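Colleague: Please work out how this folds:
(2 chains)
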2 protein chains.
Amino acid sequence: MNLDVVMNLDVVLIPGITAEIADPIKTEKETLMTNEELFLAVALNAWKGNIERADKMFSGLSEEELLKEVAPGKNRLIYLWGHLTATHDAMLPLLGLGRRRHPEFDVVFISNPDKTQAGVPSAELVRKAWVEVNARLFEGIASISAADWLKKHAAVSEEDFLKEPLRNRLAILLSRTNHLAYHLGQTALRPK
Amino acid sequence: MNLDVVMNLDVVLIPGITAEIADPIKTEKETLMTNEELFLAVALNAWKGNIERADKMFSGLSEEELLKEVAPGKNRLIYLWGHLTATHDAMLPLLGLGRRRHPEFDVVFISNPDKTQAGVPSAELVRKAWVEVNARLFEGIASISAADWLKKHAAVSEEDFLKEPLRNRLAILLSRTNHLAYHLGQTALRPK
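Modeller: Purely as a prediction, here's the structure:
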């Protein structure tokens, strides 16, 4: 069991270097890529690799398994799935990609701890929202040019951004990739 | 307890935008930064933010606490600390920053699961190695130019790198940042 947990990490150690993920990017742009495009491609690969991994893991769980806690007394898997969906949904306005699809997820999956709210969305609703939100994100992310990733995100003012130019859209992408990895680590501890 | 776990994530959501971390980079280079330098600065901030967070968490644990499992039957905290140290140590040759400092950690903390090896290094030895390895990495990382982050890492051949240009040093930095976040997520589940 312990070795399982360690072996899983290898996937995290090399996110996005599988042919399926890297190929579309390379095929389209290999000979044209500037350095900033290469920087961005590596960051996007890490995002995609972690999304695919989470998608495979959560989608492979039964409704019953989703209601289990990752460790005794800790968050249930359905909560983490909803929490990640709500976090990614909030990336849409942060990155200037339009309105949120599921703002109603916040009260259940972000502002309040697990097991305190009545009316938690069903596994099927969370699954649908996860697919919808990440599809919209992929589409929107692909439309942002390398240079535009360095523009401010929506939660920082123009004035603050002048003083703190690293509070840009790229910082959102990297921190949400880390956030996803953080919770993936927790899901790896679930009883199997 | 659940809310603790969720609240912790806010730190992951905004790694490296604290003044302490961002200031040195801005002060030195704010007016001179090219786009590729800005891309790199965001990636380095994420790395530093997660290292500082892990450092604070592990350093705050007593020897007794380090011997506890993060969840029943799972890895002990000392194992995760050693595992991260060994992983970061291996980044030195991968990034062309010199030889490993603690190759002997691999057999205990990477190739084998927790609780199977005799002679696990003491908490004090792990602590020293963690500090030494990360200090060496910080120093080395600061010496790599933005463009050089896009060069191949040491574990990929010249031939393969021509076909897969995203297997560069930056990919190592981002994947190890994710790896660190992955285990930080697990440590947040420890009994407190």
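Colleague: Tell me who's in contact with A:Leu184.
Modeller: When contacts are counted by C-beta atoms under 8 Å, 6 or more residues apart in numbering or on different chains, A:Leu184 touches A:Val12, A:Asn50, A:Arg53, A:Ala54, A:Met57, B:Tyr182, B:Gly185. For every residue, glycine as well, the C-beta is placed using N, CA and C.
Colleague: Stretch A:58-74 near chain B anywhere?
Modeller: Yes: Stretch A:58-74 reaches chain B (C-beta under 8 Å from any C-beta of the partner chain) through A:Val70, A:Ala71, A:Pro72, A:Gly73, A:Lys74.
Colleague: List just the nearest of those residues to A:Leu92.
Modeller: A:Val70 (26.8 Å; C-beta to C-beta).
Colleague: and that closest one, how many residues sit next to it?
Modeller: When neighbours are counted by other C-beta atoms under 10 Å in any protein chain shown, A:Val70 registers 23.
Colleague: does it really touch A:Thr187, like I thought?
Modeller: Yes: contact criterion C-beta atoms under 8 Å: A:Val70 and A:Thr187 qualify, at 5.9 Å.
Colleague: list residues touching both of these two?
Modeller: Common neighbours of A:Val70 and A:Thr187 (C-beta under 8 Å, 6+ apart) are A:Leu77, A:Leu80.
Colleague: so A:Leu94 makes contact with A:Ala155?
Modeller: Yes: here A:Leu94 reaches A:Ala155: they are 5.9 Å apart, a contact under C-beta under 8 Å.
Colleague: who's more crowded, those two?
Modeller: Neighbours were counted for A:Leu94 and for A:Ala155 using other C-beta under 10 Å; A:Leu94 has more, 16 against 12.
Colleague: Next one, pLDDT for that one please.
Modeller: Looking at A:Leu94, its pLDDT is 98.
Colleague: Let me see the contact set for it.
Modeller: A:His153, A:Ala154, A:Ala155, A:Arg169, A:Ile172.
Colleague: Report the buried members of the residues you listed.
Modeller: Taking 16 or more other C-beta atoms under 10 Å in any protein chain shown as the criterion, what is buried in the contacts of A:Leu94 is A:His153, A:Arg169, A:Ile172.
Colleague: What is the nearest of those to B:Asn134?
Modeller: A:Ile172 (25.6 Å).
Colleague: contacting residues for the closest one?
Modeller: Contacts of A:Ile172 (C-beta under 8 Å, 6+ apart): A:Met91, A:Leu94, A:Leu95, A:His153.
Colleague: What is the three-state secondary structure of it?
Modeller: Recorded secondary structure, A:Ile172: helix (DSSP: H, G, I helix; E, B strand; the rest coil).
Colleague: What's the separation between it and B:Trp149?
Modeller: Per C-beta to C-beta, to the nearest Å, A:Ile172 is found 20 Å from B:Trp149.
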